[in-house]
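Trainee: using only what follows, build the 3D model:
(chains A and B)
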There are 2 protein chains.
Amino acid sequence: MKEPSCIVLGGGGFLGINLCRQLATAGYRVRAFGRRCLFPDALRDVDWYQGDFNNGAALASAMQTYEIVFHLVHATTPQSANLDMKGDLEQNVVSTLALLDISRKLGIKRIVFVSSGGTIYGSPKQIPTPETAPTEPIAAYGVSKLAIEKYLAIHEILYGLEYRILRVSNPFGPYQIPVKNQGVISALLSRGLRRETIEIWGDGSVVRDYVFVADVIAALEAALNDSSSERVFNIGSGCGRSLAEVIACVEGILGTRLTIDWRRGRSVDVPISVLAVERAATILGWTPTVSFESGLQRTLDWWRSVKV
Amino acid sequence: MKEPSCIVLGGGGFLGINLCRQLATAGYRVRAFGRRCLFPDALRDVDWYQGDFNNGAALASAMQTYEIVFHLVHATTPQSANLDMKGDLEQNVVSTLALLDISRKLGIKRIVFVSSGGTIYGSPKQIPTPETAPTEPIAAYGVSKLAIEKYLAIHEILYGLEYRILRVSNPFGPYQIPVKNQGVISALLSRGLRRETIEIWGDGSVVRDYVFVADVIAALEAALNDSSSERVFNIGSGCGRSLAEVIACVEGILGTRLTIDWRRGRSVDVPISVLAVERAATILGWTPTVSFESGLQRTLDWWRSVKV
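Mentor: Numbers count the residues shown, from 1 in each chain, chains lettered A, B, ... in the order given. From the prediction side, this is the model:
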């Protein structure tokens, strides 16, 4: 087995499933920890530990004998967090403080945390946005991600608990299912295939940095072994695409027009979010390798292969 | 009565007493809210409401009919926060979220929040440190202050609840008593007067930006009426002074040598912290007016006048 051993918190979700599969393929001993796995077959080569991130005893038990923690859990969404900021803070930040305590006691070597490239900067003045830009979230979701980032830093200072933070933009790909208004590409593809109406907020002008999941996973694997002095890395394609362009691409690949129910914009949406990814290139030797079109095709192939 | 009416949360503490006295003198209707007042006589012209910041019902009741909230409460210290980060987060950030909810429901016009100029930047790369410097706290105390700042911003975006943030450096002056390792100038003066031994952490090289309390209060009053688009202001003297220099000044003014028990440095101490205060000068028309020596003399006079 390749060292070090890895536990993936949120291992049953979109990024988690993709990460666990890649780590297992690469030869790491890997355990997936989560409340549920939406695609149990996808994890059949991975040790699955069912548990709640907010349950410290379950977490501590699951983490024993593992060296690296991938922290992919966020109990809320950009939409839900604003409706209950206290709950968002408690479920995400307070629970992460418990995770940090457990990690310290168990002698965990490193925590790799997936933060939010799309919300942590707020409405950025600089596009594409580098890691050094001010962090001024305009929604509670970004505040709790930011607070977790800061507590990670403090635990390294106080206790030598290593960490890396990946601020991921808008990932898409296999195993992402459109829930709670997230994953617009999954929604477009899956509903388009079924010729269902798709609800879209805004007017299609909102620009995002869509990155294919295999590229995100490659960055997470690179962060696992990074020995640089950097701690925070933007992970995205580095390119902006309007929602209207995305819709046109999906229509092209499906060979059909989509039926869209346009709804008014949400206040948590910034108009444009594109990440500068030079730091990850220089330090991690990572660059995105899958083109948007190719990622879209691979995602479509996956949707055609599954029954959801 | 001068408008608007003001409630000062933490009104019984060091900054709170000074602020309430000044607001009352200036003709504002003012209420002090707090768990206790260390100098009840000092607030005899001010309406006193005893209550716990963590008790939402008491807070809501106290805040009725007031328009401006000065939020001066921080339930922890830079030392204690690291020992119980979860408690720090709950007592300060979660409670502030409750305050923001109440403020929204009561139609509060503005919240003026005292943040921490000494901890929010961490170990700054730029001295003096402007408001635009990265916020990378090295202790949990700074993280909870930062999270509160961010939630204030979000409440203005979502609900139009105005706010101003003053990142205050190291204030000193009358009504500051040396508790929980805070207020080194008070400790030096009061113990020096009584010829007691004073415990000091570090070797005296640590540099801080000491600002006299009357200047801080003037800045708070300016923030009350500010109509600019700026939200965050550093408030300090803009000058750094080593602890060794401070000790020498205190010895000079007391005309005696102090007995100091030197202890090893604490990890929460950054080596140097000096704030750039140009923004407050330009936007608020505020500059510090009391020299360090003069502030020291006024603080000494106060210590001589009280029995603590």
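
Trainee: which bits of the stretch 151-300 of chain A sit near chain B?
Mentor: A:151, A:153-154, A:157-158, A:267 (C-beta under 8 Å from any C-beta of the partner chain). Backbone N, C-alpha and C define where each C-beta goes, glycine included.

Trainee: is there a quick ChimeraX command that grabs whichever of those residues are buried?
Mentor: Burial among these is assessed by 16 or more other C-beta atoms under 10 Å in any protein chain shown; the matching ChimeraX selection reads:
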select /A:151,153,154,157,158
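
Trainee: mind checking which of the residues of the stretch 151-300 of chain A next to chain B are in helices?
Mentor: Counting by DSSP state H, the part of those found in helices is A:151, A:153-154, A:157-158.

Trainee: tell me which helix or strand A:Val8 sits in.
Mentor: Using DSSP states H and E, the element containing A:Val8 is strand A:2-9.

Trainee: in the stretch 201-308 of chain A, which spans are helices?
Mentor: A:213-225, A:243-254, A:278-279, A:292-305 (DSSP state H, counting those that start in this stretch).

Trainee: and the last one with helix A:213-225, angle?
Mentor: Read that as helix A:292-305. Angle, helix A:292-305 to helix A:213-225, by axes from the mean of the first three to the mean of the last three C-alpha atoms, to 10 degrees: 100 degrees.

Trainee: quick one: pLDDT of A:Asp203?
Mentor: Note on A:Asp203: pLDDT of 88.

Trainee: that one contacts A:Trp262, correct?
Mentor: Yes. Assessed by C-beta atoms under 8 Å, A:Asp203 is found in contact with A:Trp262 at 6.8 Å.

Trainee: any weak-confidence spans in the stretch 151-300 of chain A?
Mentor: Judged by pLDDT under 70, the stretch 151-300 of chain A has its weakly predicted residues at A:180-181, A:265-268.

Trainee: leaving aside the residues adjacent along the chain, what's closest to the residue of it found nearest chain B?
Mentor: Of all residues in the stretch 151-300 of chain A, A:Ile157 sits closest to chain B, at 5.4 Å by C-beta to the nearest C-beta. Nearest in space to A:Ile157, with sequence neighbours left out and distances taken as C-beta to C-beta, 6 or more residues apart in numbering or on different chains, is B:Ile138 at 5.4 Å.

Trainee: that older thread, the residues of the stretch 151-300 of chain A next to chain B: which two are farthest apart?
Mentor: Greatest spatial distance among these (C-beta to C-beta): A:Leu158 and A:Ser267, at 36.9 Å.

Trainee: which strands and helices sit next to the one helix or strand A:Lys86 maps to?
Mentor: Assigned by DSSP H and E, A:Lys86 belongs to helix A:85-88. The contact analysis (3 or more C-beta pairs under 8 Å, 6 or more residues apart in numbering or on different chains; DSSP states H and E) places helix A:85-88 against helix A:140-159, helix B:95-106.

Trainee: highest mean neighbour count out of these?
Mentor: Greatest average neighbour count among those goes to helix A:140-159 (a mean of 23), per mean count of other C-beta atoms under 10 Å in any protein chain shown.

Trainee: rewinding a little: which of the helices of the stretch 201-308 of chain A sits most buried?
Mentor: Highest mean neighbour count of the helices of the stretch 201-308 of chain A: helix A:213-225, a mean of 21 (counted as mean count of other C-beta under 10 Å).

Trainee: packing partners for that helix?
Mentor: By 3+ C-beta pairs under 8 Å, 6+ apart, helix A:213-225 packs against helix A:14-25, strand A:110-116, strand A:162-168, strand A:170-172, strand A:232-235, helix A:292-305.

Trainee: helices and strands around the fifth one, which ones?
Mentor: Right, strand A:232-235. Counting contacts by 3+ C-beta pairs under 8 Å, 6+ apart, strand A:232-235 packs against strand A:162-168, helix A:213-225.

Trainee: to B:Gly240, which of the ones you listed lies closest?
Mentor: Checking these against B:Gly240 by C-beta to C-beta gives strand A:162-168 as the closest, at 31.3 Å.

Trainee: what's next to stretch A:186-204, contact-wise?
Mentor: A:172, A:176-178, A:181, A:184, A:242-244, A:246-247, A:250-251, A:254, A:256, A:258-266, A:269, A:296, A:299-300, A:303-304, A:308 (C-beta atoms under 8 Å, 6 or more residues apart in numbering or on different chains).

Trainee: dump the C-alpha coordinates for that stretch into PDB.
Mentor: Extracted in PDB, the C-alpha atoms of stretch A:186-204 (Å, rounded to 0.1, in the frame of the first residue of the first chain):
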ATOM      1  CA  SER A 186     -25.700  18.200 -13.800                       C
ATOM      2  CA  ALA A 187     -29.200  19.800 -13.800                       C
ATOM      3  CA  LEU A 188     -28.900  20.800 -17.400                       C
ATOM      4  CA  LEU A 189     -27.700  17.500 -18.600                       C
ATOM      5  CA  SER A 190     -29.900  15.200 -16.600                       C
ATOM      6  CA  ARG A 191     -33.100  17.200 -17.100                       C
ATOM      7  CA  GLY A 192     -32.200  17.800 -20.700                       C
ATOM      8  CA  LEU A 193     -31.800  14.100 -21.300                       C
ATOM      9  CA  ARG A 194     -35.300  13.600 -19.800                       C
ATOM     10  CA  ARG A 195     -36.600  16.700 -21.700                       C
ATOM     11  CA  GLU A 196     -37.800  18.200 -18.400                       C
ATOM     12  CA  THR A 197     -38.000  21.900 -17.600                       C
ATOM     13  CA  ILE A 198     -35.000  23.400 -15.800                       C
ATOM     14  CA  GLU A 199     -35.300  26.200 -13.300                       C
ATOM     15  CA  ILE A 200     -32.500  28.800 -13.600                       C
ATOM     16  CA  TRP A 201     -32.000  31.800 -11.400                       C
ATOM     17  CA  GLY A 202     -30.900  35.000 -13.000                       C
ATOM     18  CA  ASP A 203     -30.700  35.900 -16.700                       C
ATOM     19  CA  GLY A 204     -27.800  33.700 -17.800                       C
END
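
Trainee: mind listing what's buried in it?
Mentor: Residues of stretch A:186-204 classed as buried by neighbour count (16+ other C-beta under 10 Å): A:186-192, A:198, A:200-201.

Trainee: residues contacting the helix holding A:Lys86, please?
Mentor: When contacts are defined by C-beta under 8 Å, 6+ apart, helix A:85-88 is touched by residues A:75-76, A:80-81, A:140-141, A:143-144, B:94, B:97-98, B:151, B:154.

Trainee: 10 Å instead?
Mentor: Defining contact as C-beta atoms under 10 Å, 6 or more residues apart in numbering or on different chains, one finds that helix A:85-88 is touched by A:74-77, A:80-82, A:139-141, A:143-144, B:90, B:93-95, B:97-98, B:100-101, B:151, B:154-155, B:158.
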